[in-house]
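Participant: Build me a model from this:
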Amino acid sequence: MAEVQSVQVLAASLGAIPPEFVRSEHEQPGATTFRGGAAPEVPVIDMSEAGCGARMAEAAREWGLFQVVNHGVPAEAVAELQRVGLDFFALPQEEKERYAMDPASGRIEGYGSKLQRDLEGKKTWVDFFFHNVAPPPMVNHDIWPKNPVGYREANEEYCRHMQRLTRELFGHLSVGLGLEKGAMREAFGGDDLVLLQKINFYPPCPQPELTLGVAPHTDMSTFTILVPNEVQGLQIFKDGHWYDAKYVPNALIIHIGDQIEILSNGRYKAVLHRTTVNKEKTRMSWPVFVEPSREHVVGPHPQLVTDETPAKYKAKKYKDYQYCKINKLPQ
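Facilitator: The predicted structure follows:
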């Protein structure tokens, strides 16, 4: 059983954060969050309304992120997903560590933390648990916890709703590019698309203005569908500023990822985002990353490449893209 250096455990014994969690001044949220009056608000799109697809396409071009309501995912399914996630992180540390990641043995799914240092020697204030939920050949139920009761059922039920919603989102975003409704989903592998379910756990932090839960990044996925709890934390970078993405009850947050930016030949933008933490409250989020299979080749869609708009990106296998991004290599 691998031992996990847990922020959750560390947070319980601290009055101040250790120096390795203190971000450089240009990244500290207390100094860099926009506070200059009325801030632009992330688009909130009602999926029951006519024209919602056009609004999604506009948001994907201008923001790289939007929130959806009336999305058809039952509130009960979301609540049960959140319940089992919260109950997992309430388990004794020894029990959580039964599901620890162990990359040395090839086990990259599971329970872990971001207590490794980044390029600036800094750490982030988050623990997590993740595993694939689709397609069936990619799912390893040995990694799914037996406790809390109902964990598997909650995740499988939520996954079914995510697969339906994923198809709808791809359809709207395809049409927004002038493509056939099924073009984007097909270009990313159709039924072979991988859905990775993650739980992010950000415990209370004594000095939240100095640190981050997740450092600035864009998602490698096609897009990410995220449900947060009510504690504010997600921020996006737009027009040279960091803005809070306000919590909207019952909304799901859609992040445009790198693969859609590539497929759209830059028409849609992957959103640069980060996560802040709270002094008194635990923040949690449940993102689902929708990804091509590792061997799948992604490049600009042929219908979006012309003499006037040449390809801005190279086509490559998703696993090669992951390797380059993780290792900060030229794309």
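Participant: For the rest of this, base every contact and every neighbour count on C-alpha atoms.
Facilitator: Noted.
Participant: How about the contacts made by residue 89?
Facilitator: 96, 201 (Cα atoms under 8 Å, 6 or more residues apart in numbering).
Participant: For it, grab phi and psi.
Facilitator: The phi and psi torsions at residue 89 (degrees, to the nearest 10) take the values phi -70, psi -10.
Participant: From the structure, what's the count of residues near residue 198?
Facilitator: Residue 198 is flanked by 22 other residues according to other Cα atoms under 10 Å.
Participant: Confirm it sits in a helix?
Facilitator: No. Residue assignment for residue 198, taken from DSSP: H, G, I helix; E, B strand; the rest coil, gives strand, which places it outside any helix.
Participant: Please look at it and residue 144 and confirm they touch.
Facilitator: No. The pair formed by residue 198 and residue 144 falls short of the contact definition of Cα atoms under 8 Å, at 11.6 Å.
Participant: Identify the contacts common to those two.
Facilitator: Contact criterion Cα under 8 Å, 6+ apart; residues bridging residue 198 and residue 144 by contacting each: residue 131.
Participant: all helices of the stretch 51-200 of the chain, in order?
Facilitator: Assigned by DSSP state H, counting those that start in this stretch, the helices in the stretch 51-200 of the chain fall at 52-62, 75-89, 93-96, 151-175, 183-187.
Participant: Just give the closest residue to residue 109, not the sequence neighbours.
Facilitator: With Cα to Cα, 6 or more residues apart in numbering as the measure, residue 131 is the residue that lies nearest to residue 109, at 5.1 Å, once sequence neighbours are left out.
Participant: again but with residue 268, I slipped
Facilitator: Nearest residue to residue 268, sequence neighbours excluded (Cα to Cα, 6+ apart): residue 61, at 4.4 Å.
Participant: List the contacts of the one you found.
Facilitator: Neighbour list for residue 61: 267, 268, 269 [criterion: Cα under 8 Å, 6+ apart].
Participant: Could you give the number of residues near the last one?
Facilitator: Other residues near residue 269 number 24, with proximity taken as other Cα under 10 Å.
Participant: And for residue 152?
Facilitator: Applying other Cα under 10 Å, we find 18 residues neighbouring residue 152.
Participant: Next: residue 149.
Facilitator: 12.
Participant: If I look at the nearest residue to it once chain neighbours are set aside, what pLDDT would I see?
Facilitator: Counting by Cα to Cα, 6+ apart, the nearest residue to residue 149 once its immediate chain neighbours are dropped is residue 84, at 7.7 Å. We have a pLDDT of 98 for residue 84.
Participant: what does stretch 68-86 contact?
Facilitator: The set of residues external to stretch 68-86 that reach it, using Cα under 8 Å, 6+ apart, is 44-48, 148-151, 154-155, 157-158, 161-162, 165, 199, 227, 250-254, 286.
Participant: one more time with 7 Å, if that's ok
Facilitator: 44-48, 148, 151, 154-155, 157-158, 161, 199, 250-253 (Cα atoms under 7 Å, 6 or more residues apart in numbering).
Participant: Can I get that stretch as PDB, trimmed to CA atoms?
Facilitator: Listed in PDB are the C-alpha atoms of stretch 68-86, where the atom choice follows Å, rounded to 0.1, in the frame of the first residue of the first chain:
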ATOM      1  CA  VAL A  68     -25.100  25.200 -18.400                       C
ATOM      2  CA  VAL A  69     -28.500  24.900 -16.600                       C
ATOM      3  CA  ASN A  70     -31.500  22.800 -17.500                       C
ATOM      4  CA  HIS A  71     -28.900  20.300 -18.800                       C
ATOM      5  CA  GLY A  72     -31.000  17.200 -18.100                       C
ATOM      6  CA  VAL A  73     -28.700  15.700 -15.400                       C
ATOM      7  CA  PRO A  74     -31.000  15.000 -12.400                       C
ATOM      8  CA  ALA A  75     -30.200  16.800  -9.200                       C
ATOM      9  CA  GLU A  76     -30.500  13.500  -7.400                       C
ATOM     10  CA  ALA A  77     -27.700  12.000  -9.500                       C
ATOM     11  CA  VAL A  78     -25.400  15.000  -8.900                       C
ATOM     12  CA  ALA A  79     -26.200  14.900  -5.100                       C
ATOM     13  CA  GLU A  80     -25.400  11.200  -4.900                       C
ATOM     14  CA  LEU A  81     -22.100  11.700  -6.700                       C
ATOM     15  CA  GLN A  82     -21.200  14.500  -4.300                       C
ATOM     16  CA  ARG A  83     -22.300  12.400  -1.300                       C
ATOM     17  CA  VAL A  84     -20.100   9.400  -2.000                       C
ATOM     18  CA  GLY A  85     -17.200  11.700  -2.900                       C
ATOM     19  CA  LEU A  86     -17.500  13.600   0.400                       C
END
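Participant: Nothing else from me, thank you.
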